[in-house]
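In: Take this sequence and fold it.
(chains A and B)
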Amino acid sequence: MANKVVTRFAPSPTGLLHGGNYRTAVFAYLFAKKNGGEFIVRIEDTDRERSKKEYEENILESLAWLGLPHDKLYRQSEHVKRHEEALKTLIAKDIAYVSEEAQEEGKRSQVIRFRNPKEPLTFIDAIRGPITTDTTDLGDFVIARSETEPVFHFAVVVDDSDEGITHVIRGEDHISNTPRQILIQRALGLTSPVYAHLPLVLDSDRTKLSKRRGAKALTEYRDEGYLPEAILNYLALLGWHPKDNQELFSIGELIKEFDLSRIQKGAGIFDETKLLWFNHEHIKRLSNDEFFGRLAAYTKTPIHSSIIPLLKERAQTLKEAVDAVAAGEYSFLDEDVSYSKELLLQGAKVPEEVVSQHLNKIIESLEALSNFTNDEIKNAIFPYATEVGRGAVLWPMRVALSGKEKSPDPFTLASLLGKEKTIQRLRAALTVLK
RNA sequence: GGCCCUAUCGUCUAACGGUUAGGACGCCGGCUUUUCAAGCCGUUAAUCCGGGUUCGAUUCCCGGUAGGGUCACCA
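Out: This is a model prediction of the structure:
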């Protein structure tokens, strides 16, 4: 109990967060859960001008959607009393002091600075090992705008301590902030948490992922029909790797396998193509009912439950599935088909009398069937098709059933349509030829 | 520019001194229910450079180069 692991994700609600940001949350969450610990979300809203409620809501919504529930939620702004107390303590001890500043545009004339001991400082990063810097370079840095307005470094240190954070898992861009935070911890007599600085997630142009350069917010991926489990899976493997070559993970498996020691040091590029592959894999892993439910939650477009298996196989995202349905790719199921004679003959490459013969033969074979399953239909038709020429039999059959140039294979179509409708359409094809 | 971090196929990565440098995505090619997808099979492709240490370096050390981060009264 005394050594219970507590991690935190501490975003500032000053904008929408992208995949790289959430990757940090994923790692902090997995590490906490792996160790039976707690995952805390702390909204860092000390910048009162730029913090917005809508961003906070978006962040919380995204975290919930991804499947990263927090054990506790804090807002930094609610802790101002504690910050003020700690600040006064340091001032009383003359470790911090009120500094008169040269008047500048948009700046205060008075701020609170930290008396820097100016010495070399080494901390052990759980991913990178010892990191040494000389704090002299920092000078007497500012820790608060006033007694009631602490700056990031100060508030973070006090909060991490108050909230019992044992492991600070954050982006590499915070490495250079760590020494000054440790300095404040020491001045306050606090123990330092373990630091683990994650490699950055880069855009395809090798620069830090940023909203400004078009990095998508997580909610955009949701709107584009990505599955949260696919994004989670992809994010977990961006900068971390299991012992073996397993790639597809459920969240439970990730928690079980996750290990700080297998985190990468070098930055990684966010690859949307691979994410798409993960998404399709996770779609395929969904049961038909589950997939149907996800589609229903995603769109108002009515979707026939019988085509769910086809959609699962063919669509990489929910949006793709919906778009295909909306574009009429499966309309042959409930609408009558119509097509030209040319299309019916196009792929057959034999005279139309021969096609008629084949169609008659198909009808005859199918009429004898009792179950009308995909396999039964295939067994009835395929040997014949192979014997006389597959294209000559299968192409017209497929067009007769779908009315389209592109469609699923003829056996699947027939089983979906049912015996009666299938035979009716094959007869209609004979009429077209006449 | 100062300080810090990093460096294996195009991309994500495995190999914690000895491997034909492995896997996945993508690309390309082939097969398939002569369509579109999916699926299956296969091909292509990498240790940044230079010095050490060692019988032996992707792996350890040093230097260079390159990339990134950070130098706010933003977090």
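
In: alpha carbons only for contacts and neighbour counts from here, please
Out: Fine.

In: need the residues of the stretch 251-400 of chain A near RNA strand B, please.
Out: A:262-271, A:273-274, A:277, A:313-315, A:347-348, A:378, A:382, A:389-392, A:394-395 (Cα under 7 Å from any atom of the strand).

In: Give me the phi and psi angles of the residue in the stretch 201-350 of chain A that RNA strand B sits nearest to.
Out: At 2.8 Å from RNA strand B, A:Gly239 is the closest residue in the stretch 201-350 of chain A, using Cα to the nearest atom of the strand. Note on A:Gly239: backbone dihedrals following degrees, to the nearest 10 are phi 110, psi 0.

In: could you measure it against A:Glu147, distance?
Out: 40 Å (Cα to Cα, to the nearest Å).

In: related to what we said a few turns ago, out of the residues of the stretch 251-400 of chain A next to RNA strand B, which end up buried?
Out: Buried positions within these, assessed by neighbour count (16 or more other Cα atoms under 10 Å), are A:263-264, A:267-270, A:314-315, A:347-348, A:378, A:391-392, A:394-395.

In: Go through the residues you listed and flag which are in helices.
Out: Mapping these onto helices (DSSP state H) picks out A:314, A:378, A:391-392, A:394-395.

In: quick check, nearest of the residues you listed to A:His174?
Out: Using Cα to Cα, A:Arg314 comes nearest to A:His174 of those, at 42.5 Å.

In: on that earlier part again, next, format the ones in helices among the buried ones among the residues of the stretch 251-400 of chain A next to RNA strand B as TSV and append pLDDT.
Out: Output for those, formatted as TSV (pLDDT from 0 to 100):
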residue	pLDDT
A:Arg314	93
A:Lys378	94
A:Gly391	92
A:Ala392	93
A:Leu394	95
A:Trp395	95
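
In: how about those, which pair is most distant?
Out: Pairwise distances across those peak at 25.9 Å for A:Arg314 and A:Ala392 (criterion: Cα to Cα).

In: quick one: low-confidence ranges for chain A?
Out: A:1-2, A:211-214 (pLDDT under 70).

In: helix/strand/coil for the residue in the stretch 1-150 of chain A that RNA strand B sits nearest to?
Out: Here the stretch 1-150 of chain A gets closest to RNA strand B at one residue, A:Arg108, 3.3 Å apart by Cα to the nearest atom of the strand. What DSSP: H, G, I helix; E, B strand; the rest coil gives for A:Arg108 is coil.

In: That one: how many residues sit nearby?
Out: A:Arg108 has 13 neighbouring residues, counting by other Cα atoms under 10 Å.

In: in the stretch 301-434 of chain A, which spans are strands?
Out: Applying DSSP state E, counting those that start in this stretch to the stretch 301-434 of chain A gives no strands.

In: Likewise for the stretch 1-150 of chain A?
Out: Using DSSP E, counting those that start in this stretch, strands in the stretch 1-150 of chain A cover A:6-9, A:38-43, A:72-75, A:96-100, A:110-114, A:120-125, A:129-134, A:142-146, A:149-150.

In: what about whatever helix or strand comes next after the last one and RNA strand B, touching?
Out: Beyond strand A:149-150 on the C-terminal side, the first helix or strand identified by DSSP states H and E is helix A:152-162. Yes: for helix A:152-162 and RNA strand B, the contact criterion (Cα under 7 Å from any atom of the strand) is met by A:152-153.

In: How far does helix A:152-162 sit from its chain's centre?
Out: The chain centre lies 29 Å from the centre of helix A:152-162; the measure is Cα atoms, centre = their mean, to the nearest Å.
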